[in-house]
Structures are given as C-alpha cells and as structure tokens.
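> pasting the sequence and the predicted coordinates here, then a few questions.
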Amino acid sequence: MLKEISVRRLTPGMYVSLRNVPWFRHPFLRSSFEIKNREEVREIIAIGRETVLYDPEKSKAEPLKADSRIKVDAATAKSAVSHSRMKFEKASELRARRVKFQRMEENFEKAVVESRVFMSGVMSGEVARCEEAKKTALQMSRVFLEETEMCVSFINASATDDGQEFHSLNVMTLSLMLGADLGYDAESMADLAFGGLMHDIGLLKLPKGLQIKPNRSPAETKMFQEHPRLGVSVLSRMPDISRDVMKIVYQHHEECTGRGYPKGATKAGIIPPARIVAIADTYDRLINTRDPSKAVSPHKALALMFGKYKDRFDPDMLTRFIKILGVYPPGTVCRFTSGDIGVIMSVDPKDLLHPEVILFDPAIPKHEAIIYRLGIDLDIVVESTLRPDELDAEAFNYLNSRTKIQYYPSPCGH
C-alpha cells in the first residue's frame with residue numbers, strides 16, 4: 001500500500017514512487033525505485049513536489065521522524081540536469097530495443113498470413129503453394145545459420161486467430177533454435193524448418209471438432225492419432241519432398257520410451273530431426289493450449305518436460321533446449337525482487353543471466369514501454385513467476401500478456 005509522505009522525510013533505503021510526476025519531469029530512469037543515497041534524496045526534493053508516494057513494505061528504512069533541512073544547492077541542480085541527460089540518452093538506447101521488437105512483430109504477422117495461404121494450398125494439392133512454403137522455411141533456416149548469435153524472443157503480434165499456422169511457426173522457430181545449437185548444416189536446417197512448419201498438416205484432414213475436442217472417445221483418439229500418416233499422404237502428392245521431412249511429419253509424436261504413435265518407435269528408430277520437433281511441439285502445446293485456463297507458463301512447461309515427461313525425449317536434446325531458453329523463457333510473466341511485475345521478452349543463450357524484460361510502469365505510456373536488460377540496466381532478479389490471469393486488467397493490458405505466446409528469432413544485440 002502506497003503512502004504519501006513529505007519529500008523532506010525521505011532517506012536512503014526507502015522505496016518511492018514518482019508515478020504522479022510526469023516521466024520527463026524527473027531525472028530517474030524508472031518511476032519506482034529504492035533510494036540509494038542522500039544525493040538521490042536531494043534530486044527528488046529538487047523536482048519541486050512537497051510530497052511523493054512511498055511503499056512501506058518494499059522499503060528497507062523508516063522515514064525520518066521529522067522534516068530534514070536538506071538544501072538543494074547549485075551542485076544538486078547541476079547533478080539532476082546531468083542525470084536527466086544521461087537518462088534520456090539511456091532511454092533512447094532502450095527504446096531502440098522496442099523498435100527491434102516492433103519489426104519482429106511485423107515480420108511475424110506477415111509470416112502468419114503467408115502460412116495460412118500456403119497451408120491451404122498444400123492441402124488442395126497446389127504445387128506452387130508448397131514451393132512457397134519451402135521458400136519460407138529455407139529463409140528462416142538461413143536466419144539461424146547466417147547470424148552468429150541468435151535469440152528467440154516473445155512477441156505480441158496483433159493477429160488474433162489462433163489457428164494451426166501459429167503453432168506451426170512456433171514449432172519451426174524453436175526447432176531451428178535447437179538445430180542450430182546442435183550444429184546442423186544448411187541442408188539439415190532447411191529440412192528441419194520445412195518439417196517443423198508442416199508437421200501437423202495432417203490435422204487439417206480431420207474434422208475441426210475432433211481437432212479441438214478435449215475428451216475424445218477411444219475411437220476418436222485412434223482417428224486423431226492418424227494425423228501423422230495423413231500428413232505424409234498430403235505431402236506425398238508434392239514433388240521433391242525429402243525423406244527427412246516425411247519422417248519428421250510421420251514421427252513427431254513418437255517417444256523415446258516407445259509409447260508414442262503412430263508406430264510406437266523407440267529412440268533408435270526416430271530420426272534426430274523428428275526428436276527435435278517432438279520437443280518443440282510438446283513445449284508449444286503446453287504453453288499454448290486451446291483452453292487458455294489449462295496452459296502453463298513457459299517456466300512451468302520446461303519443469304514438466306524435464307520432470308514428468310523427461311523419458312519421452314532425447315535427453316541431450318532436451319537439456320540443450322532448456323539451456324537455450326533459460327530458466328525463465330521468453331513470455332514468462334514474473335514478479336521481481338523490486339516488487340515490480342513484468343514479462344521476459346528475450347533471452348540470449350550465451351548470457352542467460354541478463355534477459356530483456358518489460359516492466360509494468362503506469363508512468364510510462366504503454367506504447368513507449370522501455371525494454372531493460374536485467375543486471376545491466378536494472379539491479380533486480382526474478383522472485384517468482386505468474387500466470388497472465390493473475391494480473392489485474394491494467395497490468396495485463398500494459399504487458400500485452402496474451403493467452404497465446406508467439407516466438408520469433410532475432411539477432412542478439414546488447
């Protein structure tokens with residue numbers, strides 16, 4: 001609970017909120033923070049407000065018993081101006097990250113539209129559409145091969161349809177991320193991309209009601225489990241589909257334990273690219289269920305895959321997959337040690353301790369929200385994870401915590 005207090009009773013260790021002060025009117029990068037020293041107290045006084053808000057629960061120090069006689073001299077004013085200049089220079093750098101994400105969102109929306117068109121075309125037997133799908137997959141595979149360091153990022157595309165193309169694009173992206181980490185060459189990456197994109201094409205041969213039905217009868221389950229065979233049947237009408245692509249489509253529901261389908265193959269009988277797609281497919285199905293209330297957070301999904309479902313997957317591939325995404329994968333909504341709430345936007349596999357995040361800050365307009373790097377721009381860490389439905393409406397809308405989590409590749413840039 002925030003309380004109003006005289007600025008002259010502030011002391012280092014108190015957690016203050018300047019949310020009632022326009023962001024451009026104070027010298028601090030964030031509007032809510034713990035006061036570190038007496039100089040920051042002076043700079044708050046220099047803003048010209050008689051009172052500010054503070055949070056007793058987050059504060060490490062009690063307010064002064066009485067107003068202090070701290071004077072705001074020329075040196076303090078000069079320091080505040082200097083900090084303001086540094087703040088706006090830093091803010092410009094941080095907002096450049098926002099532009100990067102906006103470009104990714106535009107590219108993703110374009111890919112969704114294209115995927116919807118060529119998947120429909122492949123189902124209709126249109127060779128030209130199949131070639132377009134191959135081209136899209138090839139371009140995506142080259143992104144991972146040509147960039148020396150790639151991050152997978154959480155994006156908030158404006159598209160609202162949650163059709164098959166969303167899942168297919170996620171599976172392709174996540175599969176390529178793992179394939180690149182395993183050192184796949186250009187040909188293998190191209191097959192992995194196309195196989196990931198087309199892995200569930202057979203589902204489109206099934207009645208829509210059966211695809212989304214939560215509790216299927218034994219007969220319906222048997223029919224549903226035919227979709228890998230149906231996918232191979234669809235692609236067999238297309239020219240120049242590689243053996244590995246066919247195997248990916250056919251084997252992406254097989255498990256290393258032999259309890260998968262359609263053949264019940266064990267690890268030795270499942271080609272490595274299909275094992276990769278099986279991991280990506282399971283992860284995406286856990287975080288993006290058709291019933292949002294049953295979806296788990298990305299953090300929880302990895303915990304389930306490494307715990308309850310561990311035996312299903314190639315152990316080395318699963319370990320690498322988890323290492324690449326980090327403990328808190330993109331899209332994870334978190335509460336931080338500062339008490340702030342935010343969402344993980346991007347992780348660098350080579351620097352997992354410093355993910356990019358957006359924090360809920362009503363003092364900064366949503367469209368100008370700053371993307372920070374933990375441990376570099378902000379000295380805070382994750383305290384716990386949250387489900388999007390645990391947020392209040394204001395925080396939910398600010399963070400764009402959608403019920404669907406989409407991923408897209410981007411060059412890692414610091």
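All right, it came through fine.
> any stretches of the chain with poor pLDDT?
The model of the chain has pLDDT under 70 over residues 71-92, 94, 148-150, 156-163, 401-403, 413-414.
> what does the residue lying farthest from the centre of it show for phi and psi?
Computed with CA atoms, centre = their mean, the residue of the chain farthest from its C-alpha average is residue 69, at 48.0 Å. Per-residue torsions, residue 69: phi -110, psi 30 (degrees, to the nearest 10).
> find the nearest non-adjacent residue to it, please.
residue 8 (7.8 Å; CB to CB, 6 or more residues apart in numbering). For every residue, glycine as well, the C-beta is placed using N, CA and C.
> how close does the one you found get to residue 41?
Distance of residue 8 to residue 41, computed by CB to CB, to the nearest Å: 9 Å.
> also residue 60?
Residue 60 is 14 Å from residue 41, by CB to CB.
> how much space separates the residue farthest from the centre of the chain from residue 10?
13 Å.
> what sits against the residue nearest to residue 69?
Taking CB atoms under 8 Å, 6 or more residues apart in numbering as the contact definition, residue 8 lies against 45, 64, 67-70.
> likewise residue 405?
By CB under 8 Å, 6+ apart, the neighbours of residue 405 are 154, 170, 287-288, 298, 330-331.
> distance of it relative to residue 344?
Taken as CB to CB, the span from residue 405 to residue 344 is 11 Å.
> who touches both of those two?
Residues touching both residue 405 and residue 344 (CB under 8 Å, 6+ apart): 154, 298, 330-331.
> now distance to residue 311 too, for the residues you listed, in TSV please.
Formatted as TSV, the shared contacts of residue 405 and residue 344 follow (distance: CB to CB, whole Å):
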residue	distance to residue 311
154	29
298	21
330	26
331	26
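> quick one: which of the residues you listed sit in helices?
The helices in this structure, assigned by DSSP state H, contain residue 298 from those.
> greatest separation within the shared contacts of residue 405 and residue 344: which pair is it?
The span of the shared contacts of residue 405 and residue 344, defined through CB to CB, is set by 154 and 298 at 8.4 Å.
> mind listing the shared neighbours of the two?
Listed as contacting both residue 154 and residue 298 by CB under 8 Å, 6+ apart are 330-331, 344, 405.
> identify the farthest-apart pair in the residues you listed.
Distance extremes for those: the farthest pair is 344 and 405 at 10.5 Å, using CB to CB.
> quick revisit: the shared contacts of residue 405 and residue 344 in strands, which ones?
residue 154 (DSSP state E).
> and of the shared contacts of residue 405 and residue 344, the nearest to residue 353?
Looking across the shared contacts of residue 405 and residue 344 and measuring by CB to CB, the closest to residue 353 is residue 330, at 15.0 Å.
> roughly how far does the closest one sit from residue 318?
Look at residue 330 and residue 318: by CB to CB, they are 18 Å apart.
> which residues of this structure fall in strands?
Under DSSP E, the chain gives strands at 3-6, 15-17, 32-34, 51-54, 150-155, 333-336, 341-348, 351-359, 371-373, 382-386, 406-411.
> can I get those in TSV with distance to residue 130 and mean neighbour count?
Converted to TSV, the strands of the chain look like this (distance: least, CB to CB, whole Å; neighbours: other CB atoms under 10 Å):
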stretch	distance to residue 130	mean neighbour count
strand 3-6	64	14
strand 15-17	56	21
strand 32-34	53	20
strand 51-54	60	19
strand 150-155	26	24
strand 333-336	38	20
strand 341-348	32	24
strand 351-359	36	20
strand 371-373	38	21
strand 382-386	40	15
strand 406-411	23	22
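> mind checking the ones you listed for the one nearest to residue 95?
Nearest of these (CB to CB): strand 371-373, 8.0 Å.
> adjacent strands (with direction) for that closest one?
strand 351-359 (antiparallel) (DSSP bridges).
> output the partner strand as PDB, nothing but the C-alphas.
The C-alpha coordinates for strand 351-359 follow below in PDB (Å, rounded to 0.1, in the frame of the first residue of the first chain):
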ATOM      1  CA  ASP A 351      24.100 -14.700 -21.500                       C
ATOM      2  CA  LEU A 352      21.100 -16.200 -19.700                       C
ATOM      3  CA  LEU A 353      21.600 -14.100 -16.600                       C
ATOM      4  CA  HIS A 354      20.700 -10.900 -18.400                       C
ATOM      5  CA  PRO A 355      17.300 -11.300 -20.200                       C
ATOM      6  CA  GLU A 356      15.400  -8.400 -21.800                       C
ATOM      7  CA  VAL A 357      12.200  -7.500 -19.900                       C
ATOM      8  CA  ILE A 358       9.400  -5.000 -19.900                       C
ATOM      9  CA  LEU A 359       8.200  -3.800 -16.500                       C
END
